[in-house]
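Novice: heads up, no residue letters with this:
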Ligand code: SF4
């Protein structure tokens, strides 16, 4: 079936004018979207969206992709589920007006169509194009005086925690949940009740609503956890033996394979053989870096907001243009991954828009990313708070003079040593032993002198230390605050908890929220320009 272009009307009906008069005061994005929908979804962008259907065609719902794209923007703006979004296309005049469907009594699209469209956006990477399109709209609408803006971008990057949508469970519940999924799937394949399969497979702990209830232990008693793990591990072993006998073929293909693999993953990451050597299992000591914490969302991970505050899920990262406040790129990483891993993806998305980073504002989490050296190599500048040197009450690194031209370091007593980037330097042991400042400098044992670590990026660190030494430099570092505000708005829009399971779907959601935020930025900017003009 042919894919239709969205030909929304240009002129305003009387009803639209009445609605717009109200919407220009509150929920202004509705009015902006009605005013600019033809610019956002011009012929060229509609053609790009239609390209998403090149391989598979539109299927049985030939709804214009531009209309569906507008629907996903409204959905993100309202923060509603697919089911509610479908209803709003019938019962909410604002949705109807933006979608050019005032007076329609049938929904603009079905839940399935919206779901499929989202998957198509994700599959083709068009969610990034939707975000880029908002930057293009900022140019088309002359929301900013582009001639006065720097040719290269002044970009600030930052991240915030995004709690995962999956339920986080302890080892016993994870094992029970994963085993239950295996048994339910096996029961479906065999056309038998789940309870019958659980009994036949020798895993009666699944007969109760919760594994802990079925285990019926006094959990505060010493050794109860160990007993629980032992019982559970034995019953899981019995289940696996039964599966190999009854469903050997199905175990190697979806859907059963997926559940069996998850159970195996939980066992491998959370259990260890008991050192007693009696074939028992025990909970593994320590937390593996890639520990799966949820059955529902296999990609979310443990992360840290700070040294003491933990969270489970993802980190959302954004790159904001400091001169327009437009979000240029987004990234999502599992919560356990270091910040620097997102920087390359952000830079790649910016370069995709044929823009170059001239100044990069970031915090220390991103400073070891290759992007930092790439920006410097391309003649750009990196602005970041420098590392704080700490050494208790003893001399810190900043008490030493590092000369990167001569590659030497001079200590407070005037001793000089040669340095290499990325290596520790040790002062002459005999000089330190006889030094009157030794008590203020080092606690090194006999035969050893004071050591100082020279970083790979020592030149950058030195430049950043100089930057913070001046008021102007400190002002420049503070410019990064704009991205923190952007991120706070984005977090408020998305909420603390992820809407979707899995990294890629959450990246889509962050990009959509960023696109909406950009449209609001443009709307506010145009409103301010209009106000200035009306006063002049
Ligand atoms: S203890 Fe060694 S490094 Fe420290 S000031 Fe004295 S000579 Fe220099």
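Specialist: Received it, and whenever you're ready, just let me know what you need. Since we're looking at a predicted model, the values are computed, not measured.
Novice: Over to the residue lying closest to residue 429 once chain neighbours are set aside. Which of the three states is it?
Specialist: If the residues on either side of it in the chain are set aside, residue 429 comes closest to residue 449, at 4.5 Å by C-beta to C-beta, 6 or more residues apart in numbering. For every residue, glycine as well, the C-beta is placed using N, CA and C. Residue 449 carries the three-state label coil when classified by DSSP: H, G, I helix; E, B strand; the rest coil.
Novice: who touches the closest residue to residue 165 other than its chain neighbours in this structure?
Specialist: Nearest in space to residue 165, with sequence neighbours left out and distances taken as C-beta to C-beta, 6+ apart, is residue 498 at 4.5 Å. With contacts taken as C-beta atoms under 8 Å, 6 or more residues apart in numbering, residue 498 has the following neighbours: 162, 163, 164, 165, 297, 300, 313, 314, 506, 509.
Novice: Kindly report the same for residue 11.
Specialist: Neighbouring residues of residue 11 by C-beta under 8 Å, 6+ apart: there are none.
Novice: For residue 184, grab the count of nearby residues.
Specialist: Number of residues near residue 184 (other C-beta atoms under 10 Å) recorded here: 15.
Novice: Quick one: mean pLDDT for whichever strand or helix holds it?
Specialist: Here residue 184 sits within helix 171-190, counting by DSSP states H and E. Helix 171-190 comes out with an average pLDDT of 96.
Novice: and that helix, what does it pack onto?
Specialist: Other elements packing on helix 171-190 under the criterion 3 or more C-beta pairs under 8 Å, 6 or more residues apart in numbering; DSSP states H and E are helix 194-200, helix 211-215, helix 224-246, helix 256-270.
Novice: What lies in contact with the third one?
Specialist: Right, the one you point to is helix 224-246. By C-beta under 8 Å, 6+ apart, the residues outside helix 224-246 that reach it are 171-172, 175-176, 179, 182-183, 186, 190, 200-205, 211-212, 215, 217-219, 251, 256, 260, 263, 267, 271, 280-283.
Novice: Name only those of those residues that count as buried.
Specialist: Neighbour-count burial (16 or more other C-beta atoms under 10 Å) applied to those gives 171-172, 175-176, 179, 182-183, 186, 200-201, 203, 205, 211-212, 215, 251, 256, 260, 263, 267, 271, 280-282.
Novice: Can you tell me how far the residue nearest to residue 165 is from residue 297?
Specialist: Distance, residue 498 to residue 297, by C-beta to C-beta, to the nearest Å: 8 Å.
Novice: sorry, back to before: out of the contacts of residue 498, which one sits closest to residue 485?
Specialist: When those are compared for distance to residue 485 (C-beta to C-beta), residue 162 comes out closest, at 17.5 Å.
Novice: so who does the closest one touch?
Specialist: Contacts were defined as C-beta under 8 Å, 6+ apart; by that measure residue 162 touches 313, 314, 315, 316, 332, 491, 494, 496, 497, 498, 506, 510.
Novice: who are the neighbours in contact with the residue in the stretch 251-400 of the chain that the ligand sits nearest to?
Specialist: Going by C-beta to the nearest ligand atom, the ligand is nearest to residue 395 of the stretch 251-400 of the chain, at 6.5 Å. Residue 395 is in contact with 411, 412, 437, 440, 441, 450, counting by C-beta under 8 Å, 6+ apart.
Novice: Of those, which fall within the contact range of the ligand?
Specialist: By C-beta under 6 Å from any ligand atom, the members of these lying near the ligand are 411, 412, 437, 441, 450.
Novice: Go ahead and confirm the third one touches residue 400.
Specialist: No. With contact defined as C-beta atoms under 8 Å, residue 437 does not count as touching residue 400 (11.8 Å).
Novice: Now for the residue nearest the centre of the chain: which residues touch it?
Specialist: Taking C-alpha atoms, centre = their mean, the centroid of the chain lies closest to residue 332, which sits 2.3 Å from it. Residues in contact with residue 332 (C-beta under 8 Å, 6+ apart) are 162, 314, 315, 316, 317, 342, 503, 506, 507, 510.
Novice: So it belongs to a helix, correct?
Specialist: No. In this structure, residue 332 is strand, not part of a helix, as judged by three-state DSSP.
Novice: circling back to that earlier point, compare the contacts of residue 498 and tell me which is most surrounded.
Specialist: Going by other C-beta under 10 Å, residue 314 tops the contacts of residue 498 with 31 neighbours.
Novice: Tell me what it is bridged to.
Specialist: Note on residue 314: beta-bridge partners residue 162, residue 334, judged by DSSP bridges.
Novice: is it true that it touches residue 506?
Specialist: Yes. Under the criterion of C-beta under 8 Å, residue 314 makes contact with residue 506 at 5.7 Å.
Novice: can you count the residues close to residue 214?
Specialist: Look at residue 214: counted by other C-beta under 10 Å, it has 18 neighbours.
Novice: so what's it scoring on pLDDT?
Specialist: At residue 214 the predicted local confidence, pLDDT, stands at 92.
Novice: could you measure the residue of the stretch 1-150 of the chain found nearest the ligand against residue 470, distance?
Specialist: Among the residues of the stretch 1-150 of the chain, residue 150 lies nearest to the ligand; the distance is 44.5 Å by C-beta to the nearest ligand atom. Residue 150 sits 21 Å away from residue 470, taking C-beta to C-beta as the criterion.
Novice: before we move on, what about residue 449?
Specialist: Residue 449 sits 34 Å away from residue 470, going by C-beta to C-beta.
Novice: Of those two, which one has the most company?
Specialist: Under the neighbour definition other C-beta under 10 Å, residue 449 and residue 470 were set side by side, and residue 449 has more, 21 against 10.
Novice: Let me see the contact set for the more buried one.
Specialist: Under the criterion of C-beta under 8 Å, 6+ apart, the contact list for residue 449 reads 426, 427, 428, 429, 431, 432, 433, 442.
Novice: From these, list just the buried residues.
Specialist: The neighbour-count test (16+ other C-beta under 10 Å) applied to the contacts of residue 449 identifies 427, 431, 432, 442 as buried.
Novice: just checking, next helix/strand downstream of whichever strand or helix holds the third one?
Specialist: Right, the one you point to is residue 432. The secondary structure element spanning residue 432 is helix 429-433 (assigned by DSSP H and E). For helix 429-433, the succeeding helix or strand toward the C-terminus, using DSSP H and E, is helix 438-441.
Novice: residues in contact with that following helix?
Specialist: For helix 438-441, the external contacting residues (C-beta under 8 Å, 6+ apart) are 393, 394, 395, 411, 412, 413, 432, 435, 450.
Novice: What is the very next helix or strand once past it packed up against?
Specialist: Counting by DSSP H and E, the next helix or strand C-terminal to helix 438-441 is strand 451-453. Judged by 3+ C-beta pairs under 8 Å, 6+ apart, the packing partners of strand 451-453 are strand 424-426.
Novice: any residues touching the strand it packs on, and which ones?
Specialist: Residues from elsewhere that reach strand 424-426, judged by C-beta under 8 Å, 6+ apart: 409, 417, 418, 419, 448, 449, 450, 451, 452, 453, 454.
Novice: wait, doesn't the fourth one sit right on residue 406?
Specialist: No. Under the criterion of C-beta under 8 Å, residue 419 is not in contact with residue 406, lying 9.2 Å apart.
Novice: ok so, going back, and the helix holding residue 432, does that touch the ligand?
Specialist: Yes. Using C-beta under 6 Å from any ligand atom, helix 429-433 reaches the ligand at 431, 432.
Novice: which strands and helices sit next to that helix?
Specialist: Checked by 3+ C-beta pairs under 8 Å, 6+ apart, helix 429-433 has no helix or strand packed alongside it.
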